[in-house]
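Model the following, please.
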Amino acid sequence: MFNKINNIFLVYYGSFNTKSGSNIHILELLRNLKKYSDVVMFAPGQKGVEHVSSGIIYVPVIDNKYLVQPFYEFMLSFYLLYSCITNRPDVLYLRQNSFPFFPIALCKLIGIPSIVEVNGLVMDELKVSPDSKSFAYRVFSSLALRSERFNYRYCDRIVSVTDKLKDELVRLYSVPAEKVLVINNGANTDIFKPMDQKQARAGLGLDDSKKYVCFVGHLAAWQGVEFLIRSAPFILEKLPDVRFLVVGDGVMRDKLMEIASEMGISDKFTFTGRVPYENVPVYINAADVCVAPFIQERNSKIGLSALKTYEYLACGKPIVASSIPGVKDLIDLSGGGISVPPENPGELANAVVKLISDQKIRNIMGEQGRKYVIENHSWDGVARKILDICHEII
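Next up is the predicted model:
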């Protein structure tokens, strides 16, 4: 049992006006850390922001995509300084995003131990932005690079979500390897759990006589959903009763629907758009197989610790996923699915057909996958690992 850490500050730069994996991650971390400590989170308070949890201080921001982050950083400096004076934390935990400077600078100045969580390289994220050729992009890129260097140098510990990302941090920023600790993402195993498949399908209005392949996530190019669509004709040739559920929204949605239409298989696909977080497990449980067909570019460099893969497994569903570092490791360790070469519709189709054709294998993989996630990747477990780090540095 932990000796209680009295107070933790979480600092977040993401927007709760959108549904995203980063929001799920930080809110699950907040919820589970609060079991063991008093926790206060600081987050941007955009107009119309949803009240997503207790314990969050919403810092006022300007509703402008170019000014929201600089203004948040400016206002956050006052909120954090006042809070540190009146309610000094034992540890400050920052999720690196955009270009934060003040939180780690303040910690260094007044002697508060700090941890920076890294989920990717901000420079790589900015490169895929629609504004990547603009003047604002050049300014933000410069600030992001300086922010990463500053924060990684002056924080006490860095939490990386994959081993490959840790390697990149050590290589690019000359961070001592012992300063970086790897803690993979997790799943809420109380929400993401096996349900009755017939009831799940009935609740969604799905035909129970069909077989279903499900993808859940943000529809961005790096997710590789295009390759799921291109694999569909191979799957349907052998298993005509298969249908495909694409759960989520994003910039690629219209393009993906267009590809399905051009291939003459749009009637085999259901694009749900954004669905409430609490409904996602229902879609997963309605499926026979779940997929994560990530592309190689961007993903192989730093590896992936994708929420969807843990959530699929937590629901007891076998997965077919690209052989990307981190994802392949999860499949190999859990025994919960099949990894296939990225961007290969034929191999993706073969793996899906193999699983759909063999219920016994699906059941075995599903049971193994859920057991592994419960034992190794619950959000409670993630929180406890972070608390271990907190105890090391205070």
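
tell me the SS of Gly120?
For Gly120, the assignment made with DSSP: H, G, I helix; E, B strand; the rest coil gives coil.

what about the closest residue to it other than its chain neighbours, distance to Asp249?
Once flanking residues are discounted, Gly120 sits nearest to Ile302: 6.1 Å by C-beta to C-beta, 6 or more residues apart in numbering. From N, CA and C alone the C-beta is placed, and that goes for glycine too. In this view, Ile302 and Asp249 are 24 Å apart by C-beta to C-beta, to the nearest Å.

higher neighbour count, those two?
Ile302 (25 against 17; other C-beta atoms under 10 Å).

List the backbone torsions phi and psi for that one.
In terms of degrees, to the nearest 10, the main-chain angles of Ile302 are phi -110, psi 0.

so who does it touch?
By C-beta atoms under 8 Å, 6 or more residues apart in numbering, the contact set of Ile302 is 120-121, 124, 162, 164-165, 168.

now these as a markdown table including distance to Val327, neighbour count and pLDDT?
Conversion of those to a markdown table gives the following (distance: C-beta to C-beta, whole Å; neighbours: other C-beta atoms under 10 Å; pLDDT from 0 to 100):
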| residue | distance to Val327 | neighbour count | pLDDT |
| --- | --- | --- | --- |
| Gly120 | 15 | 21 | 85 |
| Leu121 | 18 | 21 | 81 |
| Asp124 | 17 | 13 | 67 |
| Thr162 | 9 | 26 | 94 |
| Lys164 | 11 | 21 | 94 |
| Leu165 | 13 | 24 | 94 |
| Glu168 | 17 | 20 | 93 |
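
Between those residues, which sits nearest Asn32?
Proximity to Asn32 was ranked across those by C-beta to C-beta; first place goes to Thr162, at 20.3 Å.

and Lys211, what pLDDT?
pLDDT, Lys211: 98.

Touching, it and Arg243? I think so.
Yes. Here Lys211 reaches Arg243: they are 7.2 Å apart, a contact under C-beta atoms under 8 Å.

For the stretch 251-394 of the chain, give me the ranges with low pLDDT.
Within the stretch 251-394 of the chain, the set of residues satisfying pLDDT under 70 is empty.

try 90
By pLDDT under 90, the low-scoring segments of the stretch 251-394 of the chain are 276-277, 296-302.

Where do the strands of it begin and end?
Ranges of strands in the stretch 251-394 of the chain, per DSSP state E, counting those that start in this stretch, are 269-273, 289-292, 319-322, 337-340.
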